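Asker: whatever this is, show me its structure:
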Amino acid sequence: MSPSPVKSMLRNGVVEPACIPLKTLNKRIQDEMVTLVILTAEVQIALGPTLAEARSLSPAVQRSLQAIDRLHQTLDDLQRVMGHLAGQTDQELVEINSLSEVIRLRHLAHKLFDNIDAPFALSEDDSGEIAWF
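Answerer: The predicted model follows:
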């Protein structure tokens, strides 16, 4: 089923661009993010039996698995942020303390509220071991 077309409104003889309430858009984005959270959890579950049989995993594979877990956690946090925003009234400003409470990953909170542009990177210490969360 294809999405319904969005139509512009004619007001006082002037065509205005199509609009959607921010609350509705936030809720729809949150719904899509919930779907992505579920999909990443399914990937982790599907990999479980394979990993249980593996004798050893290279550091690169371990980093990739950790990245899947981080993706899952970040999507989960972001969908909660969107849910929080959908519950806000038509305010232009969002109170940080209450929003910060729905975020579990501290690096994500810092990126959102402290204007940190550097991407989060998984790192290894000097021994070559994986630096787990």
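Asker: all strands for this protein, in order.
Answerer: 9-11, 14-16 (DSSP state E).
Asker: quick one: which of these has the weakest pLDDT on average?
Answerer: Out of the strands of the chain, strand 9-11 stands lowest, with a mean of 67 (criterion: mean pLDDT).
Asker: what residue is smack in the middle of the protein?
Answerer: With distances taken as Cα atoms, centre = their mean, residue 75 lies nearest the centre of the chain, 2.7 Å away.
Asker: spit out the contact partners of residue 105.
Answerer: Residues near residue 105 by Cβ atoms under 8 Å, 6 or more residues apart in numbering: 73, 74, 77. Every C-beta, even on glycine, is put in place using the N, C-alpha and C of the backbone.
Asker: would you check that the first one makes contact with residue 107?
Answerer: By that I understand residue 73. No - using Cβ atoms under 8 Å, residue 73 is not in contact with residue 107, being 10.2 Å away.
Asker: tell me how far stretch 72-91 is from the chain's mean position?
Answerer: The chain centroid and the centroid of stretch 72-91 are separated by 9 Å under Cα atoms, centre = their mean, to the nearest Å.
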